[in-house]
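I'd like to go over a predicted model; first the sequence, then the structure.
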Amino acid sequence: MAGILLLLLLAVTSQTSPAAGENPSTFLKSVKPNPMSHLTEKLSHFRFFWHDIVSGPTPSVVNIIKPPSTNKAAPPTMFGAVNMIDDALTEGPEPGSKLLGRAQGFYGIASQEELGLVMAMNFVFSTGKYNGSTLTILGRNPVFEKVREMPVVGGSGLFRFARGYVHASTHTFDGKTGDAVVEYNVYVLHY
């Protein structure tokens, strides 16, 4: 039994201890050669529609944090509210249009002066060449401006190391239900 424990201890120690002359820190290591150096970076443009559905039996957005009741700015802007989303991304503005993926993440009302959102979401593609790939958006969305610009801060799959921006324009908004369809034009540099 002692021999097995000694053998396990030696195995663990040999895998976690640096060899002679190696830097004991494994926090940062250079990767050589650069695995992306042989790839050509390209600029792609995607256009699709984002369906933020508040109403009906299966909404795609739910409120997860309500603004504090002591917040005097809450009635006009709802400052402090946070919503979680799983919104359809479609080829056209119609609800039955071809599904391209989902926008998953959250947005919060971050302005006391206007309806200004901070948005953090992944565009998760589910069709064609980009199936399983994602783009990550993080930025400010002043919803009453005609065109809003937000940065693309990264991605996964075919969008690894992606960067770029999106232009969002409201296609339709129903003031009674809160449902919205927004056109997204995405410009992204990727390998």
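Arrived safely.

give me the most central residue, the chain.
Using CA atoms, centre = their mean, the residue of the chain that lies closest to the mean C-alpha position is residue 122, 2.4 Å off.

residues in contact with that one?
If a contact means CB atoms under 8 Å, 6 or more residues apart in numbering, then residue 122 has 103-105, 134-137 as its contacts. C-beta coordinates here come from the backbone N, C-alpha and C atoms, glycine included.

ok, those residues vs residue 43, which is closest?
Distance ranking of the contacts of residue 122 against residue 43, using CB to CB, places residue 135 first at 13.5 Å.

thought the closest one was touching residue 184?
No - the pair residue 135 and residue 184 does not pass the contact test of CB atoms under 8 Å, sitting 10.1 Å apart.

OK, contacts around the nearest residue in space to the residue nearest to the centre of the chain that is not next to it in sequence?
Taking CB to CB, 6 or more residues apart in numbering, and ignoring the residues beside it in sequence, residue 122 has residue 134 as its nearest neighbour in space, at 4.6 Å. Each residue near residue 134 by CB under 8 Å, 6+ apart is listed here: 122-125, 155-157, 159.

what sits opposite residue 134 in the beta ladder?
For residue 134, the beta-bridge partners are residue 124, residue 156 (DSSP bridges).

okay, it: pLDDT?
As summarised for this prediction, residue 134 has a pLDDT of 98.

next: residue 68.
Residue 68 carries a pLDDT value of 78.

what does residue 101 give?
Looking at residue 101, its pLDDT reads 98.

beta partners of it?
For residue 101, the beta-bridge assignment (DSSP bridges) gives partners residue 89, residue 125.

and what of residue 108?
When bridges are assigned using DSSP bridges, the partners listed for residue 108 are residue 82, residue 118.

pretty sure it sits against residue 115.
No - with contacts counted by CB under 8 Å, residue 108 stays clear of residue 115, the gap being 11.6 Å.

so for the two, which residue has more residues nearby?
Regarding residue 108 and residue 115, a neighbour count based on other CB atoms under 10 Å identifies residue 108 as having more, with 19 against 16.

tell me the contacts of residue 100?
Counting by CB under 8 Å, 6+ apart, the residues that residue 100 touches are 48, 89-91, 125-127.
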